[in-house]
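[1] structure here, sequence nowhere to be found:
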């Protein structure tokens, strides 16, 4: 199928520009200035719309296999497309965990058959995510894994972390670490500080994250490995990352969208839908995260999409599991963030398009350019979206935005040259 | 503004004027409690449920009596006899209770935020009778009422609270209310039992009990639980008593008319010595009596009771 997407404002080289996009098959074949009188294919009028490369989310929990009551591959990938995310990377904390080449291979094959959003797989770094023995990283890479992580849990043993960094680096792949010193975070449910005291909720000190970030950075620089720090949430971690970059190792980092929009103060309603690990930062730390994002210390933005069943979340705050869904709100949240903090929307979009594509070598994605995949999102900034129960394609509803209205509306999503109908 | 229908999650649901309104009303009800017939029909036909998901004797009896003295019907729900042990969720428990026609819940729970959680599933009024370490608003009201009654004011008083600050909902609510009413509050205890950034609540922090008590109008002790020692927050109860025990000698550095308070139950020989526990200006028993009167005042105010008999 051929398309001409015309009259839209197209994100090219970090700027919205009035261009017309020609799509043929699964790729973008041309970007033109004029509106040809004759066009052999379907014309899409994108007047008043922003055209954004399909978003790339490098951190999501799709729960398959083992927790299909929370989410499965199909609902997760549909949710991604519904949110304008055309590439999503799933984390291996499933049951059993994604620690074998067969598991990675079969998940990728299943995603191909489903033909929804593109799936990338992050495989477990240690067998069974137990933190004891390395997985077959070489074979996992051949099966399509693009990184290794025990996410949900930290790689606690520093020696195993060292070996994981060494071993993974021979395939030029990252070890993605969920940095949390459990001996410090203990039973905490929110960031420790003035508000945890005010609300009477057990706190997690910021140092629970940053001590492990510091360790990982030193180990990456020792081994010349690549560590990718998952969901950075504290100012102390930001400082470690900023100082650790540019040495022997490769240091990259991500921030979860929710950490940029919520703070510890927001837990005054004890809403379990707002319970997240790592927990919401203080206002001061949130400013440091934004600054780090803008100066490149933090490379990308992710959702950390963490679906749970209602019955799991509709309990007392401290007893609820951690996690917020994000695939279907990411783009709206980015737009909200740009308006709230007067940050350039283009700059924020870079962190979910070209930046992750470059960081993780995702060929043909993250940009609107000739010969790139026609993964596109049409976004109307003047309209708005009410996040009703029926808006979501995910099985889960654990989001503080349920029932709320956010500015902006995704009007159409194209993935691999096909218009998405879900 | 009328307090009718107000949910009482913590003391900050009231403004200063309302707190003093409650105090005046408490004075009135305390008068009734000294009568031979301690009952008024102000809340006839109203059903109050004491929903206690955590063990408590005093607070539960106090609320139960307060409601009964106002002529309300009371039903008690306690976790030990409940279906919670059979795995029913709190949400379903409340939905079930609610179907029986409850007008007001008095809630005690080990988890912070539970009263707000319960409010999601009921139209009844919710009063917090203690949620985890978060809040215990009626305890703070009765403590401040007691101070007001004894000292004639709260504004400008120097109040020192000594003990396990970290694990105390009583302290959290008291700090909020005492600051609201203009007191100067000092908290004192080992740093391991002191919440991070507590000074941002507008209190003075001291790790030296002599310094903390010096010149105080009110000294409040807190219960020290043995499990705090076993979880490694301080080395021994003996050392705790040596460093932070409220003794007669230490209390002599407070103002001559100092009053001693404690939310109970007291551990003699740990946070207080015998002299202080039996001190002539200890108001510990009076706190209990005032607790009943203030709970009457609160139930009366939020349920819109009628005074005419």
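    All right, it came through fine. Note that the coordinates shown come from a computational prediction; the quantities given were computed from them, not determined experimentally. Residues are numbered from 1 along each chain as shown, chains lettered A, B, ... in the order given.
[2] quick check, residue B:132 in contact with residue A:270.
    No. Here residue B:132 does not reach residue A:270: they are 10.2 Å apart, not a contact under CB atoms under 8 Å. In short, each C-beta sits where N, CA and C put it, glycine included.
[3] what sits in contact with each of those two?
    A:201, B:112, B:113 (CB atoms under 8 Å, 6 or more residues apart in numbering or on different chains).
[4] neighbours of the second one, how many?
    By that I understand residue B:112. When neighbours are defined as other CB atoms under 10 Å in any protein chain shown, residue B:112 has 28 of them.
[5] checking it next. Helix, strand or coil?
    At residue B:112 the chain is in coil, as set by DSSP: H, G, I helix; E, B strand; the rest coil.
[6] quick one: contacts for it?
    Contacts of residue B:112 were listed using CB under 8 Å, 6+ apart, and they are A:199, A:200, A:201, A:270, A:317, A:318, B:131, B:132, B:133, B:134, B:135.
[7] cool, and the last one?
    With contacts taken as CB under 8 Å, 6+ apart, residue B:113 has the following neighbours: A:199, A:200, A:201, A:269, A:270, A:316, A:317, B:131, B:132, B:134.
[8] got it, and residue A:300?
    Remark: with contacts taken as CB under 8 Å, 6+ apart, residue A:300 is in contact with A:58, A:252, A:253, A:254, A:255, A:351, A:352, A:355, A:356, A:359.
[9] and for residue B:196?
    Residue B:196 makes contact with A:192, A:193, A:194, A:196, A:197, A:203, A:205, according to CB under 8 Å, 6+ apart.
[10] check which helix or strand covers residue A:112.
    Using DSSP states H and E, the secondary-structure element containing residue A:112 is helix A:101-114.
[11] give me the subset of the contacts of residue B:196 that lies in helices.
    For the contacts of residue B:196, the ones inside helices are A:194, A:196, A:197, with DSSP state H as the criterion.
[12] among the residues you listed, which ones lie close to chain B?
    With the criterion set as CB under 8 Å from any CB of the partner chain, the members of the ones in helices among the contacts of residue B:196 near chain B are A:194, A:196, A:197.
[13] surely the first one meets residue B:202?
    The reference is to residue A:194. No. In terms of CB under 8 Å, residue A:194 does not count as a neighbour of residue B:202; the distance is 10.8 Å.
[14] name the spans of chain B whose pLDDT lies under the cut-off.
    Applying pLDDT under 70 to chain B flags residues B:80-87, B:308-309.
[15] how about the residues of it by chain A?
    Checking chain B against chain A by CB under 8 Å from any CB, the hits are B:89-91, B:109, B:111-114, B:116-117, B:131-135, B:169, B:172, B:195-198, B:200-201.
[16] show me those that map onto strands.
    When DSSP state E defines the strands, the subset of these inside them is B:109, B:131.
[17] I'd like to know which of the ones in helices among the contacts of residue B:196 is nearest to residue B:250.
    residue A:197 (26.4 Å; CB to CB).
[18] domain map for chain A?
    Chain A resolves into domains spanning A:2-50+A:372-385+A:404-419, A:53-359 when parsed by automatic domain parsing.
[19] make a markdown table from these and add mean pLDDT to it.
    Output for the domains of chain A, formatted as a markdown table (pLDDT from 0 to 100):
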| stretch | mean pLDDT |
| --- | --- |
| domain A:2-50+A:372-385+A:404-419 | 97 |
| domain A:53-359 | 98 |
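[20] now, of those, which is deepest in the fold?
    Between these, the one whose residues have the most neighbours on average, counting mean count of other CB atoms under 10 Å in any protein chain shown, is domain A:53-359 (a mean of 22).
[21] ok, which stretches of chain B are helices?
    Using DSSP H, helices in chain B cover B:16-33, B:58-69, B:90-98, B:114-119, B:137-151, B:169-180, B:209-213, B:226-230, B:237-244, B:248-251, B:274-277, B:284-303.
[22] likewise chain A?
    A:73-82, A:101-114, A:137-142, A:158-169, A:182-185, A:194-199, A:207-223, A:235-244, A:257-261, A:283-294, A:310-313, A:330-340, A:345-350, A:354-359.
[23] what's the angle from the fourth one to helix A:207-223?
    Okay, so that is helix A:158-169. Regarding helix A:158-169 and helix A:207-223, their directions subtend 50 degrees when assessed with axes from the mean of the first three to the mean of the last three CA atoms, to 10 degrees.
[24] outside of helix A:158-169, which residues touch it?
    A:125-126, A:131-132, A:134, A:137, A:147-148, A:155, A:174-175, A:177, A:215-216, A:219-220, A:222-227, A:249.
[25] care to break chain B down by domain?
    Under the assignment automatic domain parsing, the domains of chain B span B:11-136+B:288-303, B:137-283.
[26] tabulate those (a markdown table), appending distance to residue A:291.
    Putting the domains of chain B into a markdown table (distance: least, CB to CB, whole Å) gives the following:
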| stretch | distance to residue A:291 |
| --- | --- |
| domain B:11-136+B:288-303 | 32 |
| domain B:137-283 | 22 |
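[27] those domains: which one's closest to residue A:83?
    Distances from residue A:83 to each of the domains of chain B were compared using CB to CB; the minimum, 27.1 Å, belongs to domain B:11-136+B:288-303.
[28] now do that closest one: distance to the chain's middle.
    How far domain B:11-136+B:288-303 lies from its chain's middle: 12 Å, per CA atoms, centre = their mean, to the nearest Å.
[29] do stretch A:82-101 as well
    Per CA atoms, centre = their mean, the centroid offset for stretch A:82-101 relative to its chain is 11 Å.
[30] do stretch B:181-196 as well
    Computed by CA atoms, centre = their mean, the separation of stretch B:181-196 from the middle of its chain amounts to 17 Å.
[31] same thing with stretch A:272-281?
    A distance of 16 Å separates the C-alpha centroid of stretch A:272-281 from that of its chain, computed with CA atoms, centre = their mean.
[32] same thing with stretch A:358-368?
    For stretch A:358-368, the distance from its own C-alpha centre to the chain's C-alpha centre is 14 Å (CA atoms, centre = their mean).
[33] need the contact partners of that stretch.
    By CB under 8 Å, 6+ apart, the list of residues contacting stretch A:358-368 from outside reads A:10-12, A:21, A:27-28, A:31, A:51, A:53-54, A:56, A:58, A:86-87, A:89, A:118, A:120, A:146-147, A:228, A:252, A:299-300, A:353-357, A:371-373, A:375-376.
[34] now do stretch A:386-396
    Looking at stretch A:386-396 with CB under 8 Å, 6+ apart, the contacting residues turn out to be A:69-72, A:75-76, A:78-79, A:81-82, A:305, A:307-310, A:325, A:327-329, A:385, A:397, A:399, A:401-406, A:422.
[35] what residues sit buried inside stretch B:198-210?
    By neighbour count on 16 or more other CB atoms under 10 Å in any protein chain shown, the buried set for stretch B:198-210 is B:198, B:201, B:203, B:205, B:206, B:209.
[36] now the ones in helices among the contacts of residue B:196 in a markdown table, with distance to residue A:259?
    As requested, the ones in helices among the contacts of residue B:196 are exported to a markdown table (distance: CB to CB, whole Å):
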| residue | distance to residue A:259 |
| --- | --- |
| A:194 | 18 |
| A:196 | 16 |
| A:197 | 21 |
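[37] which among those residues gets closest to residue A:262?
    For the ones in helices among the contacts of residue B:196, the residue nearest residue A:262 by CB to CB is residue A:196; the value is 14.4 Å.
[38] ok, residue A:49 - contacts?
    In this structure, residue A:49 makes contact with A:8, A:9, A:378, A:379, A:380, A:411, judged by CB under 8 Å, 6+ apart.
[39] if you could redo that for residue A:411, that was the one I meant.
    Residue A:411 makes contact with A:49, A:378, A:379, A:380, A:383, according to CB under 8 Å, 6+ apart.
[40] which one of the residues in the stretch 101-250 of chain A is closest to chain B?
    Minimum separation of the stretch 101-250 of chain A from chain B (CB to the nearest CB) falls at residue A:200, amounting to 2.7 Å.
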